[in-house]
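# Turn this into a model:
(one chain, ligands or ions: 1)
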Amino acid sequence: MNNLLKGKRGIITGALDQNSIAWKVAEKAHEQGATFVLTNAPIAMRMGEINALAEKTGSQIIPADATNTEDLENLYTQAQEILGGKIDFVLHSIGMSVNIRKKIPYVESNYDYFMKGIDVSALSFHKMLSVAKKMDAISEGGSVVALTYMAAQRTYPFYTDMADIKAMLESIARSFGYHYGVAKKVRVNTVSQSPTKTTAGAGIKGFGDFYDYADNIAPLGNADAESCADYCITLFSDLTRMVTMQNLFHDGGYSSTGVSASMMEKLYPED
Ligand SMILES: NC(=O)c1ccc[n+]([C@@H]2O[C@H](COP(=O)([O-])OP(=O)(O)OC[C@H]3O[C@@H](n4cnc5c(N)ncnc54)[C@H](O)[C@@H]3O)[C@@H](O)[C@H]2O)c1
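You can find the predicted model right below:
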């Protein structure tokens, strides 16, 4: 299907390198006829990889720390100027836990790091929505998607404070989705994605083993970043115009599977 996003204007956060889920979303959005700006924290820009994506997709880059409301005001102002009108879709693809980075066990969480994680990975979503609503920057029927992980519903010990932070992120999608829906018919959803080999993913203790575990449980196997991007495109398109305030699993069926035959065989090869 072509041109699902023809004429649509977007903001895509979080493309750090070619492995980033946001990177794939940008490539797919470009293929589907959208125009958009790319944004990331100024510190992430220094790595410079995002320039290649900007060139490939004909987009401009606007640095913004998603925890800073002034940066976000500037982001929406500039994005509308560059793209020539209100924004139709926004991707929030931002996650960072200092506790995970420093390999601090959940029960010993450092609270300054915890607060930082909440600010960067969950409140930034509220801020992106709040600034957009105040500025009336998103067009009627527009679509906002944030990426999340199933640790918000079930415990994964190594996901530490990010589990609680993702629960908050998903709650913000419901709460803000209500208000933005009533006011402007703007849709707000979260996509709960399989373990994916990216910089953020690789920071999690035992990620490689867990990736294989999930891959063995899910009937379709783990969903990769590219298929996640495809799903996001459908959510930005008008085909999903009545879908809002949902946490949507994109995980090859993992979240509905108790155990798989292939996992049983691995655990009990003799039987
Ligand atoms: N990789 C996985 O296994 C997986 C699974 C489910 C959900 N997710 C979620 O997908 C999203 C994208 O992560 P990814 O896996 O593509 O990894 P990634 O490391 O490529 O992307 C994370 C991005 O967040 C950006 N960021 C961090 N702090 C920021 C700030 N203050 N302001 C603006 N941007 C900031 C980083 O620069 C980076 O581009 C995250 O929300 C992550 O939790 C990832």
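
# can you list the residues of this structure near the ligand?
Applying Cβ under 6 Å from any ligand atom, one finds that the chain approaches the ligand through 13-14, 16, 20-22, 40-41, 44, 65-67, 93-96, 120, 147-149, 193, 195-196, 198-201. Every residue, glycine included, has its C-beta placed from N, CA and C.

# which ones among those are found in strands?
In strands, judged by DSSP state E, the following of those are found: 13, 147-148, 193.

# will you turn these into CSV that also has distance to residue 167 and pLDDT?
Below are these laid out as CSV (distance: Cβ to Cβ, whole Å; pLDDT from 0 to 100):
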residue, distance to residue 167, pLDDT
13, 20, 98
147, 14, 98
148, 9, 98
193, 15, 98
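
# Now for the closest residue to residue 186 other than its chain neighbours, how many residues are close by?
Leaving aside its sequence neighbours, residue 186 sits nearest to residue 180 (Cβ to Cβ, 6 or more residues apart in numbering; 4.1 Å). Number of residues near residue 180 (other Cβ atoms under 10 Å) recorded here: 22.

# Over to residue 38?
Residue 38: 26 neighbours (other Cβ under 10 Å).

# Show me what it bridges to in the sheet.
residue 12, residue 61 (DSSP bridges).

# what sits against it?
By Cβ atoms under 8 Å, 6 or more residues apart in numbering, the contact set of residue 38 is 12, 15, 26, 50, 53-54, 57, 59-62.

# what do you get if the cut-off is 10 Å, keeping everything else the same?
With contact taken as Cβ atoms under 10 Å, 6 or more residues apart in numbering, residue 38 is in contact with 10-15, 22-23, 26, 45, 50-51, 53-54, 57, 59-63, 79, 91.

# how about stretch 22-32: buried residues?
For stretch 22-32, burial by neighbour count (16 or more other Cβ atoms under 10 Å) applies to 22-30, 32.

# Export those residues as a markdown table, with columns for distance to residue 235 and pLDDT.
Converted to a markdown table, the buried residues of stretch 22-32 look like this (distance: Cβ to Cβ, whole Å; pLDDT from 0 to 100):
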| residue | distance to residue 235 | pLDDT |
| --- | --- | --- |
| 22 | 14 | 98 |
| 23 | 17 | 98 |
| 24 | 14 | 98 |
| 25 | 10 | 98 |
| 26 | 15 | 98 |
| 27 | 16 | 98 |
| 28 | 12 | 98 |
| 29 | 11 | 98 |
| 30 | 17 | 98 |
| 32 | 12 | 98 |
